[in-house]
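In: Fold the stuff below for me.
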Amino acid sequence: MNTAYLLIGGNLGDRAAYLQQALKQIEALCGSISCASSIYETAAWGNTNQPSFYNQAVKLITPLAPEALLEQLLAIELEMGRVREEKYGPRTIDLDILMIDDKVLDTQKLTIPHPHLHSRRFALLPLAEIAPSLHHPILDKTVHELLLNCPDTLDVQKK
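Out: Down below sits the predicted model:
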């Protein structure tokens, strides 16, 4: 079994309902969610001319290997109406793998830990709520330490 930390988010439609639906789909297809953060609202990052996002971090116990987990998450996104028209564009749901155990992986399809985790407050804050002492295997810092040193200044508010 692997322990994966995911960030789920979205900024279209009923954002809270989409997060709830994603949690159910992840549990049905990927494993057991042992912990979930509060929901946080954040202004859009990257492409700022769009609605704000709801984001939530989850701890998933999964039998799936990293690549298989990614494929399942992409299938869930597609089933939930995710359309990839523009980079950082609006979306019903976004499912990202932040970390899996202490694995380091860099392939064409998947990089673990997530390559931008340390620079995104909207990911670090919910992750720090559920796993502040989780160790980043490349940067050799805890999630709490990464959050304290995060250069991102976007406002992230607990809902």
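
In: Against Thr107, how distant is the nearest residue to Leu127 once chain neighbours are set aside?
Out: Ranked by CB to CB, 6 or more residues apart in numbering and with sequence neighbours excluded, the top spatial neighbour of Leu127 is Ala57, at 4.4 Å. (Each C-beta comes from the backbone N, C-alpha and C, glycine too.) Taking CB to CB, to the nearest Å as the criterion, Ala57 is separated from Thr107 by 23 Å.

In: What is the burial count for Ser34?
Out: Around Ser34 sit 11 other residues, with neighbours defined as other CB atoms under 10 Å.

In: That one: which element?
Out: In this assignment (DSSP states H and E), Ser34 forms part of strand 32-36.

In: Have a look at Ala57 and Thr107 and say which one is more surrounded.
Out: Looking at Ala57 and Thr107 with other CB under 10 Å, you find the greater number of neighbours at Ala57, namely 28 against 10.

In: wait, isn't Leu134 in contact with Lys141?
Out: No. Here Leu134 does not reach Lys141: they are 10.0 Å apart, not a contact under CB atoms under 8 Å.

In: which one of those two has more residues nearby?
Out: Comparing Leu134 with Lys141 by other CB under 10 Å, the one with more neighbours is Leu134, at 21 against 15.

In: Helix, strand, or coil at the nearest residue to Leu139 once chain neighbours are set aside?
Out: When the adjacent residues along the chain are set aside, Leu139 lies closest to His118, with 6.0 Å between them (CB to CB, 6+ apart). In three-state terms, and counting by DSSP: H, G, I helix; E, B strand; the rest coil, His118 is helix.

In: burial of Ala65, as a residue count?
Out: Close neighbours of Ala65, defined as other CB under 10 Å, add up to 13.

In: picking that back up, tell me the contacts of the residue nearest to Leu139?
Out: Leu124, His136, Leu139, Lys141, Leu146, Asn149, Cys150 (CB atoms under 8 Å, 6 or more residues apart in numbering).

In: how about the strands in this structure?
Out: Assigned by DSSP state E, the strands in the chain fall at 2-10, 32-36, 40-42, 53-62, 94-100, 105-106, 111-112, 135-136, 141-142, 156-158.

In: So for Ala16, which of the ones you listed sits nearest?
Out: Across the strands of the chain, Ala16 has its closest neighbour in strand 53-62 (6.3 Å, CB to CB).

In: Buried residues, that closest one. List them.
Out: Phe53, Tyr54, Asn55, Gln56, Ala57, Val58, Lys59, Leu60, Thr62 (16 or more other CB atoms under 10 Å).
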